[in-house]
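Colleague: sequence and predicted model, in that order:
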Amino acid sequence: MQSTHGGSTTDLVMAVFDIPVTFHRSLVGVTGSVTAALMLSQAIAWTETLTPDEGGWFTKSQDDWADATGLSRWEQETARRVLRDADFMEERKSGLPAKLWFRVRQAQIWKALHAVSQSTAERRT
C-alpha cells in the first residue's frame, strides 16, 4: 500500500512513531501533575548529559521543550510554575539576548519521593 505522497505506509508510520516520550511515573505523585512530571523527567535527562563545570544549569528554548516533550507553550508554563513552587527546579535568565536557564533540585526531589514512599508504606500497614 502506497501513501498519496509517494512513500510507503510503513515509512509514514515510522515517521509518526519517532522516539517515544517517556517519564518517571513516580514523579507524578510528588508533582501532582503529569505535565510537570514529564517536564521534570526531561530536565533530569538533560541534566545527566552536563559536565561538572556547568553546575547543573542548562538552557533550552520553548521549542526545545516542545520537541522533546510535546508540551504546548501553556502546558510548559504551567508545569514550570508547578516545579518552581515545589522547589524541584530553579530558573534564571542571563546573557544578551537573555536566555532562560534551568537547574534540577535533586535533593528536593529526593526528599519528596522519600516522603511519598513513607506515606505509602504507613498506609499499607
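Modeller: Right, received. Where do you want to start?
Colleague: please count neighbours and contacts with C-alpha atoms only from this point.
Modeller: OK.
Colleague: so where's this structure uncertain?
Modeller: By pLDDT under 70, the weakly predicted segments of the chain are 1-7, 18.
Colleague: go through it and flag its longest helix.
Modeller: helix 106-124 (DSSP state H).
Colleague: what are the C-alpha coordinates of that helix, in CSV please?
Modeller: Extracted C-alpha coordinates of helix 106-124, given in CSV (Å, rounded to 0.1, in the frame of the first residue of the first chain):
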residue,chain,number,x,y,z
GLN,A,106,17.8,16.8,43.1
ALA,A,107,17.9,16.9,46.9
GLN,A,108,14.4,18.4,47.0
ILE,A,109,13.1,15.7,44.6
TRP,A,110,14.7,13.0,46.7
LYS,A,111,13.0,14.4,49.9
ALA,A,112,9.6,14.5,48.2
LEU,A,113,10.0,11.0,46.8
HIS,A,114,11.0,9.7,50.3
ALA,A,115,8.1,11.4,51.9
VAL,A,116,5.6,9.9,49.4
SER,A,117,7.3,6.5,49.9
GLN,A,118,7.0,6.7,53.7
SER,A,119,3.3,7.8,53.5
THR,A,120,2.5,4.9,51.2
ALA,A,121,4.3,2.4,53.5
GLU,A,122,2.3,3.8,56.5
ARG,A,123,-1.0,3.4,54.7
ARG,A,124,-0.2,-0.2,53.8
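Colleague: list the buried residues of it.
Modeller: Judged by neighbour count (16 or more other C-alpha atoms under 10 Å), helix 106-124 contains these buried residues: 109, 112-113.
Colleague: list the contacts of the residue positioned nearest the centre of the chain.
Modeller: The central residue of the chain, meaning the one whose C-alpha is nearest the mean C-alpha position (C-alpha atoms, centre = their mean), is residue 39 at 2.0 Å. Taking C-alpha atoms under 8 Å, 6 or more residues apart in numbering, we find residue 39 in contact with 65, 69, 76, 79-80.
Colleague: so which of the residues you listed sit within helices?
Modeller: Per DSSP H, these map to helices at 65, 69, 76, 79-80.
Colleague: which among the residues you listed count as buried?
Modeller: 65, 69, 76, 79-80.
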